[in-house]
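*Asks:* Generate coordinates for the sequence data below:
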Amino acid sequence: MSVLARVPIEVFSKIFSLLQGERPSLLSCSLVSIIWHEVSISHLFYAIRFYERQSFASFFEFVRLCPHLAKHVVILTFAGSNPARWAKFNCDQLSAALPNLPALTDIHFSRVAIYSPKPPSSLRAVHKLTTYNVRGCNHPSELGAVALLLRHFLPGTLVVDTIGPWTNSGSTVADFNFLSPQSVPIRQLHLLNSTHHNDWLRQDFFQATLAIDTLHHLTTSCGDRKTIDSLHALVLSAGRNISTMNIDLIYLSRDVYHPPDWDYSVLDWDWSAVGHALSACPNLRRLRLGLLLYKRYSHSGVSPTEGPSPGRLQLPYTEILSLMPPMLTVLVLGLRQRLPWEPPGIEDELGMWDLAQLDKPWFRERFPGLVRLSVKVALQDPVDPLLVIPPVARALSGLHDAGLLRVETFSLLTDYYEEDFAIDR
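*Replies:* Below you'll find the predicted structure:
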């Protein structure tokens, strides 16, 4: 008997798992022997992706004709490849194929127009459901597509993202609440929007859809008072058991990235409103609080104006954190601004964020269980990180000496939501 024949099959499985995404290598391994074939096939079909409508049809044909291969699919992605239009996707066909996909846990939809001619007979529980810039056919909006998908799937984690302004297309929220199931027990909800106009929070759809107090993790952003009030309402209805939250506060004015006729009431730095919203989470233990400031441009894009004055930014952390429940153990502060950090004025700019207030006794007394405070500062190249890290450490010298402080820098070009998507990474 050869040495390879005596190696446990679990060892091969572990080795082949490192090759996921390397399809040529896995295909070569599948031709070595019967044992290698059986093990490598499960990794070869672990995650598969199909593009455009014709390819969608080939997937359903694959599932019907090759159930011995389809049973290995864990992550499934359907994506439209034409940026000028959305590929139509029949959700009923996927529901019919689910019995031949017993291992399926993660489903991703990107740039597809989803329709469902008839209601499903049952819901399929999945670990994660992700939508990116999707539409509904009968209800042509992101919200309509999400409502249709929640008629077919019961996700533990729901990620909703879009690249354009949120559109309601004349339908009311009541229409979508009728389409989607009620009391969906989603544990992790990520509401993202790459335009930073997080209109997902501005509707009461998720307040009506989510089961009471089943939410444990929330990632979102707020750019005005309305979204903060909506965040507060969402937490009160479904999120009183939230233990981890990623929230970004984004400086918006009426002339940033959207037409002036949009009904945006600017946050105006009422930090206490943020604190009151977070105070509704009595079990909140890990929080990433990001502050993003934009350099203001006129809507015509002709001439830039100065950024927000320091007076409008005073005491954000003091007002927010002083209202929070005392269970916090990990706090990550993200400082990100479109105005460049100028080395001669870095200490003054850091003072604008009232970081030094967190080195006062009230902060440690407020959160006696705190084990880590991370401060992450976004830099525009070519600023030397060493010009930023020491001033932060000096501003928080007490926490630094206690071993609770971690200071990091990252590029301003880093994807906004990718950074700290998992708070304990």
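
*Asks:* what pLDDT does residue 386 get?
*Replies:* For residue 386, the pLDDT comes out at 77.

*Asks:* That one in helix, strand or coil?
*Replies:* Assigned with DSSP: H, G, I helix; E, B strand; the rest coil, residue 386 falls in the helix class.

*Asks:* Would you quantify the distance from residue 103 to residue 410?
*Replies:* 36 Å (C-beta to C-beta, to the nearest Å). C-betas here are computed from N, CA, C, even on glycine.

*Asks:* show me where the stretch 301-425 of the chain has strands.
*Replies:* For the stretch 301-425 of the chain, the strands defined by DSSP state E, counting those that start in this stretch occupy 330-337, 372-379, 405-411.

*Asks:* Now do the first one: which elements does it pack against?
*Replies:* For strand 330-337, the contact count by 3 or more C-beta pairs under 8 Å, 6 or more residues apart in numbering; DSSP states H and E identifies strand 286-293, strand 372-379 as packing neighbours.

*Asks:* Quick one: mean pLDDT over it.
*Replies:* The pLDDT scores in strand 330-337 average 84.

*Asks:* can you check stretch 89-104 too?
*Replies:* 91.

*Asks:* buried residues in it?
*Replies:* For stretch 89-104, burial by neighbour count (16 or more other C-beta atoms under 10 Å) applies to 89, 90, 91, 94, 95, 97, 98, 100, 101, 104.

*Asks:* any idea how far the last one lies from residue 67?
*Replies:* When you say that, I think you mean residue 104. From residue 104 over to residue 67 the distance is 13 Å, taken as C-beta to C-beta.

*Asks:* count of neighbours near residue 355?
*Replies:* 21 (other C-beta atoms under 10 Å).

*Asks:* so what's it up against?
*Replies:* In this structure, residue 355 makes contact with 317, 333, 375, 392, 395, 396, judged by C-beta atoms under 8 Å, 6 or more residues apart in numbering.

*Asks:* returning to what we had before: looking at the buried residues of stretch 89-104, spot the one nearest residue 272.
*Replies:* Nearest to residue 272 among these: residue 91, at 43.4 Å, using C-beta to C-beta.

*Asks:* so what's the closest one closest to, chain neighbours aside?
*Replies:* Nearest residue to residue 91 in three dimensions, chain neighbours excluded: residue 116, at 4.5 Å (C-beta to C-beta, 6 or more residues apart in numbering).

*Asks:* pretty sure the one you found is touching residue 145, no?
*Replies:* No: counting by C-beta atoms under 8 Å, residue 116 sits too far from residue 145 to count as a contact (10.1 Å).

*Asks:* Looking at the two, which is more packed in?
*Replies:* Higher neighbour count among residue 116 and residue 145: residue 145, with 28 against 22, using other C-beta under 10 Å.
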